[in-house]
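Q: Below are the sequence and a predicted model; questions follow.
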Amino acid sequence: MANNRWQWWHRLGSPRWFYQASGSWLPWLSVATALLFAVGLVWSLGIAPVDAKQGNSFRIIYVHVPASFLALAGYYVMAVAGAVGLIWKIKLADMVMVAAAPIGAALTFVALVSGALWGKPTWGTYWVWDARVTSMLVLLFLYLGVNALYQAFANREVAARACAILALVGTVNIPIIYKSVDWWYSLHQPATIKLTSAPSMHPSMFQPLIVMILAFYCFYALVLILRVRAEILQREQRTTWVRELLEVRP
Amino acid sequence: MWHFESVSAFVHMGGHGLFVWSAYGITIVVMLLLLLAPLHRGRILLRQMHRHQQHAPSQNVSEHTTAEQSQIQHSEIQHSEVQR
């Protein structure tokens, strides 16, 4: 019984199983991502109504909020994968953690840049050292730090352990980012979407945002899987199953 | 249903065109790079592995011994990446 219960867990940790299973998810995920982006981009750029106060610069919300969402969600992915790798010594978890760092950094960068481009017409400045913006900058450095730390070690296991610890310590920053708009006086507007209350937007503005957030989620999953697959291929290139894979698909 | 009356109004975005289009443009460029990076890495790896296979005919290696071998390889690959 106990054996059965844990079997899925060990199978999930097997790079070979993940490589084969994810291969069948990729086409679906690619199609979903492409469709959601096609609908979301047209809807947010051309169909969504303008904001009464902000005019068309409001459309930046449709890339800014999803990018920020995934920048934060990506940190959970990285930190949880790091913890799993640290506790259960599962190599696949280490690979997920390492793969999540550059994606998170890129999405945090997008959130910051789109925020700056939104800030100029709205606040009159590209940059302000306020709590929300600064804590997002710290998030960017945490992602870059994990990535740099991994590259700095020749030994893969030591590198993963160090990265996991840095990622877990950095989790302190996450509630600060969430709460920064409530705790301190900030130029940044409060959260548009809250789980606990109705959205502060009209449905005609809110619906395209949901589509874009879903598009970003699918995109994140797609890129994460592709990165982990490339990592598996590199680490396992001498194993029999990868060699067999090569023979099937020359 | 379509918000803008003309193409030029769509590009202009009521004076915010520069901000809106550059925000979307940068987002799309960064995401395309994110998507292409692992695909490119995978393609290079497959090419390398094919070359190795031609040089050394396949020998059956168990998954356990390769753990240490790939450990060494990891640092080798890192060095070659730096050189490139």
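A: Here it is on my side, so go on. Residues are numbered from 1 along each chain as shown, chains lettered A, B, ... in the order given.
Q: Kindly provide the distance from the nearest residue to A:Val84 once chain neighbours are set aside to chain B.
A: Nearest non-adjacent residue to A:Val84, counting by Cβ to Cβ, 6 or more residues apart in numbering or on different chains: A:Ala93, 4.0 Å away. For glycine as for every other residue, the C-beta is placed from the backbone atoms N, C-alpha and C. From A:Ala93 over to chain B the distance is 16 Å, taken as Cβ to the nearest Cβ, to the nearest Å.
Q: Which parts of chain A are helices?
A: Using DSSP state H, the helices of chain A run over residues A:2-12, A:15-42, A:61-88, A:91-123, A:131-152, A:156-170, A:173-183, A:203-235, A:240-248.
Q: Distance to B:Val29 and mean neighbour count added to the ones you listed, as TSV?
A: Shown next, in TSV, are the helices of chain A (distance: least, Cβ to Cβ, whole Å; neighbours: other Cβ atoms under 10 Å in any protein chain shown):
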stretch	distance to B:Val29	mean neighbour count
helix A:2-12	34	10
helix A:15-42	14	15
helix A:61-88	12	22
helix A:91-123	10	23
helix A:131-152	17	19
helix A:156-170	27	19
helix A:173-183	25	15
helix A:203-235	14	20
helix A:240-248	33	14
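Q: Pipe those helices into JSON lines and attach mean pLDDT and distance to B:Met13 per row.
A: Below are the helices of chain A laid out as JSON lines (pLDDT from 0 to 100; distance: least, Cβ to Cβ, whole Å):
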{"stretch": "helix A:2-12", "mean pLDDT": "65", "distance to B:Met13": "46"}
{"stretch": "helix A:15-42", "mean pLDDT": "95", "distance to B:Met13": "14"}
{"stretch": "helix A:61-88", "mean pLDDT": "96", "distance to B:Met13": "13"}
{"stretch": "helix A:91-123", "mean pLDDT": "96", "distance to B:Met13": "10"}
{"stretch": "helix A:131-152", "mean pLDDT": "96", "distance to B:Met13": "24"}
{"stretch": "helix A:156-170", "mean pLDDT": "95", "distance to B:Met13": "37"}
{"stretch": "helix A:173-183", "mean pLDDT": "88", "distance to B:Met13": "27"}
{"stretch": "helix A:203-235", "mean pLDDT": "95", "distance to B:Met13": "16"}
{"stretch": "helix A:240-248", "mean pLDDT": "82", "distance to B:Met13": "49"}
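Q: Among those, which comes closest to B:Phe19?
A: Closest of the helices of chain A to B:Phe19 is helix A:91-123, at 4.7 Å (criterion: Cβ to Cβ).
Q: helices or strands up against the closest one?
A: helix A:15-42, helix A:61-88, helix A:131-152, helix A:156-170, helix A:203-235, helix B:17-55 (3 or more Cβ pairs under 8 Å, 6 or more residues apart in numbering or on different chains; DSSP states H and E).
Q: between those, which gets nearest to A:Val181?
A: In terms of Cβ to Cβ, the element of those nearest to A:Val181 is helix A:131-152, at 5.5 Å.
Q: any weak-confidence spans in chain B?
A: B:56-84 (pLDDT under 70).
Q: go with 80
A: Along chain B, the parts satisfying pLDDT under 80 run over B:52-84.
Q: Count the neighbours of A:Pro49 for me.
A: Residues contacting A:Pro49 under the criterion other Cβ atoms under 10 Å in any protein chain shown number 10.
Q: excluding its backbone neighbours, what's nearest A:Ser22?
A: Nearest non-adjacent residue to A:Ser22, counting by Cβ to Cβ, 6+ apart: A:Ile225, 4.9 Å away.
Q: Relative to A:Lys89, how far out is A:Tyr126?
A: Separation of A:Tyr126 from A:Lys89 (Cβ to Cβ, to the nearest Å): 45 Å.
Q: try A:Arg235
A: As judged by Cβ to Cβ, A:Arg235 and A:Lys89 stand 15 Å apart.
Q: residues contacting A:Lys120?
A: Applying Cβ atoms under 8 Å, 6 or more residues apart in numbering or on different chains, one finds that A:Lys120 lies in contact with A:Tyr126, B:Phe19.
Q: mind checking pLDDT for A:Thr239?
A: For A:Thr239, the pLDDT comes out at 88.
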